[in-house]
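In: Please work out how this folds:
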Amino acid sequence: MEYFIDVEERVRGKISNRCKLEIINEVYYGLDSEHQQKFTDSCFGHLLSVAEIKISLQIIHQCIVRAVRTLKENEVWCKFGNKIARFGLEEFVLITGLKAGELESEDENLGLQSDLIQKYFKKSKEKVVRKQLLIAFRRCGNQADKFKMGLLLMLAYVLLSAEENTSLNLWWFHVVDNFDRFNSYAWGKR
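Out: Now for the predicted structure:
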């Protein structure tokens with residue numbers, strides 16, 4: 001099996017981690033008891049048990065440099081000694097507890113019309129970065145809106161984390177307006 005990164009070309013590197021697990025507790029404890037229960041029952045509720053976990057970036061780095069090519073579109077294969085380990089969509093679903101499936105078309109214009117955008121980010125000119133969302137969450141007095149922002153923070157800081165100044169997918173704001181739809185959305189993409 002051929003490695004993604006040729007053994008001779010491997011360099012010492014440092015993995016950066018933009019996932020901020022402390023956001024899980026900030027979101028949960030920032031909500032009133034009614035919305036804490038709703039969060040616990042949401043598709044992200046099981047993440048409360050991993051809020052204090054320590055991530056080993058060295059292990060992630062070792063997996064990356066041992067990644068081998070595969071024809072499987074939704075799988076990553078790594079070679080450890082003479083054994084192959086695979087991580088696919090099925091393992092992602094088992095570990096995260098999220099649903100996987102076909103993606104809907106993500107029309108960001110629908111997000112621009114969402115209540116949260118209109119109330120809290122109208123001056124953002126069609127661009128909301130995750131830092132703005134965190135600030136709005138911290139300042140928000142409306143618990144229903146704060147709950148929705150908390151779900152979006154889970155996406156922006158924990159599951160699909162990126163740099164602080166990365167624009168959020170405005171489609172998320174549309175989806176979070178309907179809790180049942182958000183909760184059953186296929187965040188694990190096929």
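
In: Go ahead and flag the most central residue of the chain.
Out: Closest to where the C-alpha atoms of the chain average out (Cα atoms, centre = their mean) is residue 159, at 1.7 Å.

In: ok, for it, nearest residue in space, not its chain neighbours?
Out: residue 187 (6.6 Å; Cβ to Cβ, 6 or more residues apart in numbering). Just so you know, the C-beta spots here come from the backbone N, C-alpha and C atoms, and that holds for glycine as well.

In: Looks like that neighbour contacts residue 158 (just checking).
Out: No - taking Cβ atoms under 8 Å as the contact criterion, residue 187 and residue 158 are not neighbours in contact, 11.0 Å apart.

In: And the strands in this protein, which stretches?
Out: 67-68, 75-80, 83-88, 100-101, 188-189 (DSSP state E).

In: among the ones you listed, which is nearest residue 136?
Out: With respect to residue 136, and counting by Cβ to Cβ, the nearest of these is strand 188-189 at 26.5 Å.

In: Phi, psi for residue 44 please.
Out: Here is the backbone geometry of residue 44 (degrees, to the nearest 10): phi -100, psi 0.

In: With adjacent residues omitted, what lies nearest to it?
Out: By the measure of Cβ to Cβ, 6+ apart, the closest residue to residue 44 outside its immediate chain neighbours is residue 154, 4.7 Å from it.

In: Would you confirm that that neighbour contacts residue 24?
Out: Yes - using Cβ under 8 Å, residue 154 makes contact with residue 24 at a distance of 7.1 Å.

In: what's the overlap in contacts for the two?
Out: Here residue 154 and residue 24 share the contacting residues 44, 47, scored by Cβ atoms under 8 Å, 6 or more residues apart in numbering.

In: Low-confidence regions, the chain specifically.
Out: Applying pLDDT under 70 to the chain flags residues 4-19, 51, 53, 55-57, 61, 102-109, 188-190.

In: hmm, try it at 50
Out: Scanning the chain for pLDDT under 50 picks out 190.

In: need the helices for it, in chain order.
Out: Counting by DSSP state H, the chain has helices at residues 22-29, 33-40, 57-65, 89-96, 108-112, 115-120, 130-139, 143-153, 171-176, 179-184.

In: Distance of residue 178 relative to residue 35?
Out: 16 Å (Cβ to Cβ, to the nearest Å).

In: Compare neighbour counts for the two and give me the winner.
Out: residue 35 (19 against 11; other Cβ atoms under 10 Å).
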